[in-house]
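**Q** Show me the folded form of this:
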Amino acid sequence: MIVFTITAAGIATENAAMETGTMPVYGNIVIGDGTPADVPFNANDLTHQVLSVPVLVVERLSAGAVRLHANIPPDVELRIREIGLRLSDGTLYAYAPYDEAAGGFYKPSGFDFSFDVVLAREQLANLTFTYTPVDVQSIADSITNTARNAIDAYMQTYIIDLTAMCSRMSRNLIELQQRSTNVKLG
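**A** Modelled structure (predicted):
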(Lines give C-alpha, C1' and ligand atoms only; values in the text may rest on other atoms or scores of the structure.)
Protein backbone atom coordinates (compact mmCIF):
# COMPACT_ATOMS: atom_id res chain seq x y z
CA MET A 1 0.00 0.00 0.00
CA ILE A 2 1.39 3.38 -0.98
CA VAL A 3 1.19 6.07 1.69
CA PHE A 4 1.26 9.65 0.50
CA THR A 5 3.15 12.44 2.22
CA ILE A 6 1.32 15.75 2.09
CA THR A 7 3.66 18.21 0.38
CA ALA A 8 4.64 21.69 1.54
CA ALA A 9 2.50 23.05 -1.33
CA GLY A 10 -0.40 20.88 -0.09
CA ILE A 11 -0.15 22.27 3.42
CA ALA A 12 0.11 25.83 2.05
CA THR A 13 -3.09 25.19 0.05
CA GLU A 14 -4.83 23.92 3.19
CA ASN A 15 -3.71 27.00 5.14
CA ALA A 16 -5.00 29.28 2.39
CA ALA A 17 -8.27 27.33 2.40
CA MET A 18 -8.71 27.99 6.11
CA GLU A 19 -8.30 31.72 5.47
CA THR A 20 -10.60 31.86 2.44
CA GLY A 21 -13.08 29.14 3.35
CA THR A 22 -12.57 27.47 -0.04
CA MET A 23 -11.74 23.80 0.43
CA PRO A 24 -9.25 22.13 -1.92
CA VAL A 25 -10.72 19.58 -4.34
CA TYR A 26 -8.92 16.38 -5.34
CA GLY A 27 -8.00 16.30 -9.00
CA ASN A 28 -6.16 13.33 -10.49
CA ILE A 29 -3.56 10.86 -9.39
CA VAL A 30 -0.42 11.48 -11.42
CA ILE A 31 2.22 8.91 -12.23
CA GLY A 32 5.82 9.45 -13.18
CA ASP A 33 8.80 7.40 -14.27
CA GLY A 34 11.46 9.87 -13.10
CA THR A 35 13.79 9.67 -10.13
CA PRO A 36 11.70 10.12 -6.97
CA ALA A 37 12.18 13.19 -4.80
CA ASP A 38 14.61 12.69 -1.91
CA VAL A 39 12.17 14.33 0.51
CA PRO A 40 8.51 13.77 -0.49
CA PHE A 41 7.38 16.75 1.64
CA ASN A 42 9.49 19.08 -0.54
CA ALA A 43 8.25 17.73 -3.90
CA ASN A 44 6.74 20.52 -6.01
CA ASP A 45 6.07 18.28 -8.99
CA LEU A 46 6.83 14.84 -10.33
CA THR A 47 10.30 14.55 -11.85
CA HIS A 48 8.79 13.18 -15.07
CA GLN A 49 5.02 12.80 -15.23
CA VAL A 50 3.82 10.28 -17.83
CA LEU A 51 0.18 9.73 -16.89
CA SER A 52 -2.76 11.31 -15.08
CA VAL A 53 -5.69 9.11 -14.03
CA PRO A 54 -8.92 10.01 -12.22
CA VAL A 55 -9.53 9.11 -8.60
CA LEU A 56 -12.26 6.46 -8.89
CA VAL A 57 -13.03 5.88 -5.22
CA VAL A 58 -12.40 7.86 -2.05
CA GLU A 59 -13.02 5.79 1.08
CA ARG A 60 -12.71 7.14 4.61
CA LEU A 61 -10.63 4.70 6.66
CA SER A 62 -10.73 6.74 9.86
CA ALA A 63 -11.07 10.33 11.03
CA GLY A 64 -7.60 11.11 9.70
CA ALA A 65 -7.11 8.77 6.74
CA VAL A 66 -8.65 8.12 3.34
CA ARG A 67 -7.98 5.49 0.71
CA LEU A 68 -7.92 6.62 -2.91
CA HIS A 69 -8.42 4.08 -5.69
CA ALA A 70 -7.36 4.50 -9.31
CA ASN A 71 -6.87 2.39 -12.41
CA ILE A 72 -4.38 2.40 -15.28
CA PRO A 73 -6.03 1.20 -18.52
CA PRO A 74 -4.77 -1.87 -20.41
CA ASP A 75 -3.39 0.04 -23.40
CA VAL A 76 -0.83 1.89 -21.23
CA GLU A 77 2.73 0.61 -20.78
CA LEU A 78 4.94 2.41 -18.27
CA ARG A 79 7.31 2.23 -15.34
CA ILE A 80 5.91 3.72 -12.14
CA ARG A 81 8.58 5.29 -9.94
CA GLU A 82 6.71 8.22 -8.41
CA ILE A 83 3.08 8.98 -7.76
CA GLY A 84 1.22 12.07 -6.63
CA LEU A 85 -2.18 13.55 -5.96
CA ARG A 86 -2.97 16.79 -7.75
CA LEU A 87 -5.68 19.14 -6.63
CA SER A 88 -8.13 20.46 -9.20
CA ASP A 89 -6.04 23.65 -9.42
CA GLY A 90 -2.93 21.63 -10.40
CA THR A 91 -1.15 21.80 -7.02
CA LEU A 92 0.81 18.65 -6.13
CA TYR A 93 -0.97 18.03 -2.83
CA ALA A 94 0.64 14.70 -1.90
CA TYR A 95 3.55 12.63 -3.14
CA ALA A 96 5.20 9.21 -2.70
CA PRO A 97 7.95 7.19 -4.32
CA TYR A 98 6.66 3.92 -5.76
CA ASP A 99 8.55 0.74 -4.87
CA GLU A 100 11.88 2.54 -5.15
CA ALA A 101 13.83 -0.39 -3.70
CA ALA A 102 12.92 -2.38 -6.81
CA GLY A 103 13.51 0.54 -9.19
CA GLY A 104 9.81 1.16 -9.58
CA PHE A 105 7.09 -1.03 -11.02
CA TYR A 106 6.85 -1.94 -14.70
CA LYS A 107 3.27 -2.14 -15.97
CA PRO A 108 3.13 -3.77 -19.43
CA SER A 109 0.26 -3.18 -21.81
CA GLY A 110 -2.52 -5.72 -22.10
CA PHE A 111 -4.08 -5.56 -18.66
CA ASP A 112 -5.63 -3.07 -16.25
CA PHE A 113 -3.67 -2.13 -13.15
CA SER A 114 -5.75 -1.02 -10.19
CA PHE A 115 -4.08 0.43 -7.15
CA ASP A 116 -4.80 2.12 -3.84
CA VAL A 117 -2.99 4.91 -2.05
CA VAL A 118 -3.57 6.19 1.47
CA LEU A 119 -3.59 9.81 2.52
CA ALA A 120 -3.22 9.91 6.30
CA ARG A 121 -2.89 12.43 9.11
CA GLU A 122 -2.50 9.84 11.84
CA GLN A 123 -0.25 6.97 12.80
CA LEU A 124 -0.91 4.19 10.32
CA ALA A 125 -0.20 1.53 12.95
CA ASN A 126 -3.76 2.24 14.13
CA LEU A 127 -5.22 1.25 10.76
CA THR A 128 -5.68 -2.21 9.29
CA PHE A 129 -5.31 -2.55 5.54
CA THR A 130 -6.64 -5.42 3.50
CA TYR A 131 -5.43 -5.56 -0.06
CA THR A 132 -6.32 -8.21 -2.58
CA PRO A 133 -4.88 -7.84 -6.06
CA VAL A 134 -7.39 -8.43 -8.81
CA ASP A 135 -6.57 -11.13 -11.33
CA VAL A 136 -8.42 -9.77 -14.36
CA GLN A 137 -7.72 -12.86 -16.49
CA SER A 138 -9.12 -15.13 -13.79
CA ILE A 139 -12.27 -13.00 -13.56
CA ALA A 140 -12.63 -13.02 -17.37
CA ASP A 141 -12.20 -16.82 -17.42
CA SER A 142 -14.79 -17.20 -14.68
CA ILE A 143 -17.29 -15.05 -16.59
CA THR A 144 -16.59 -17.01 -19.79
CA ASN A 145 -17.05 -20.35 -18.02
CA THR A 146 -20.26 -19.19 -16.34
CA ALA A 147 -21.63 -18.04 -19.71
CA ARG A 148 -20.62 -21.31 -21.39
CA ASN A 149 -22.24 -23.35 -18.60
CA ALA A 150 -25.45 -21.32 -18.90
CA ILE A 151 -25.48 -21.76 -22.68
CA ASP A 152 -24.73 -25.49 -22.36
CA ALA A 153 -27.56 -25.91 -19.82
CA TYR A 154 -29.95 -24.04 -22.10
CA MET A 155 -28.81 -26.02 -25.13
CA GLN A 156 -29.20 -29.34 -23.28
CA THR A 157 -32.78 -28.44 -22.40
CA TYR A 158 -33.39 -27.31 -25.98
CA ILE A 159 -31.85 -30.49 -27.41
CA ILE A 160 -33.95 -32.66 -25.09
CA ASP A 161 -37.10 -30.78 -26.14
CA LEU A 162 -36.09 -30.98 -29.80
CA THR A 163 -35.34 -34.71 -29.50
CA ALA A 164 -38.72 -35.34 -27.86
CA MET A 165 -40.47 -33.37 -30.61
CA CYS A 166 -38.60 -35.29 -33.35
CA SER A 167 -39.46 -38.55 -31.62
CA ARG A 168 -43.18 -37.62 -31.59
CA MET A 169 -43.00 -36.61 -35.25
CA SER A 170 -41.30 -39.90 -36.13
CA ARG A 171 -43.99 -41.88 -34.32
CA ASN A 172 -46.67 -39.87 -36.12
CA LEU A 173 -45.01 -40.49 -39.49
CA ILE A 174 -44.70 -44.20 -38.76
CA GLU A 175 -48.40 -44.31 -37.82
CA LEU A 176 -49.34 -42.46 -41.00
CA GLN A 177 -47.16 -44.78 -43.08
CA GLN A 178 -48.74 -47.82 -41.46
CA ARG A 179 -52.23 -46.48 -42.11
CA SER A 180 -51.42 -45.74 -45.71
CA THR A 181 -50.14 -49.28 -46.28
CA ASN A 182 -53.35 -50.69 -44.77
CA VAL A 183 -55.64 -48.68 -47.07
CA LYS A 184 -57.33 -50.75 -49.76
CA LEU A 185 -57.75 -49.04 -53.08
CA GLY A 186 -60.77 -49.49 -55.14
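
**Q** What is the three-state secondary structure of Asp75?
**A** coil (DSSP: H, G, I helix; E, B strand; the rest coil).

**Q** Now for it: which residues touch it?
**A** Ser109 (CB atoms under 8 Å, 6 or more residues apart in numbering). All C-beta spots, glycine's among them, are computed from the backbone N, C-alpha and C.

**Q** Model confidence for it, exactly?
**A** pLDDT for Asp75: 93.

**Q** That one and Ser109, how far apart?
**A** Distance of Asp75 to Ser109, computed by CB to CB, to the nearest Å: 6 Å.

**Q** next one: Leu87
**A** On the measure of CB to CB, Leu87 and Ser109 end up 30 Å apart.

**Q** Who has more neighbours out of the two?
**A** Using other CB atoms under 10 Å, the more surrounded residue of Leu87 and Ser109 is Leu87, with 18 against 11.

**Q** quick one, what contacts the residue nearest to Glu77 when sequence neighbours are not counted?
**A** Spatial nearest neighbour of Glu77, excluding adjacent residues (CB to CB, 6 or more residues apart in numbering): Ser109 at 4.1 Å. Contact analysis of Ser109 by CB under 8 Å, 6+ apart lists 74-77.

**Q** neighbour-wise, which of the residues you listed leads?
**A** Val76 (16 neighbours).

**Q** from what I can see it touches Tyr106, true?
**A** No - Val76 is beyond contact range of Tyr106, at 11.7 Å (criterion: CB atoms under 8 Å).

**Q** what about the residue nearest to Pro73 when sequence neighbours are not counted, how many neighbours?
**A** Distances taken as CB to CB, 6+ apart put Asp112 closest to Pro73, at 6.3 Å, once the chain neighbours are dropped. Counted with other CB under 10 Å, residues neighbouring Asp112 total 13.

**Q** you'd agree Asp112 is up against Pro74?
**A** Yes - between Asp112 and Pro74 there is a contact under CB under 8 Å: 5.3 Å.
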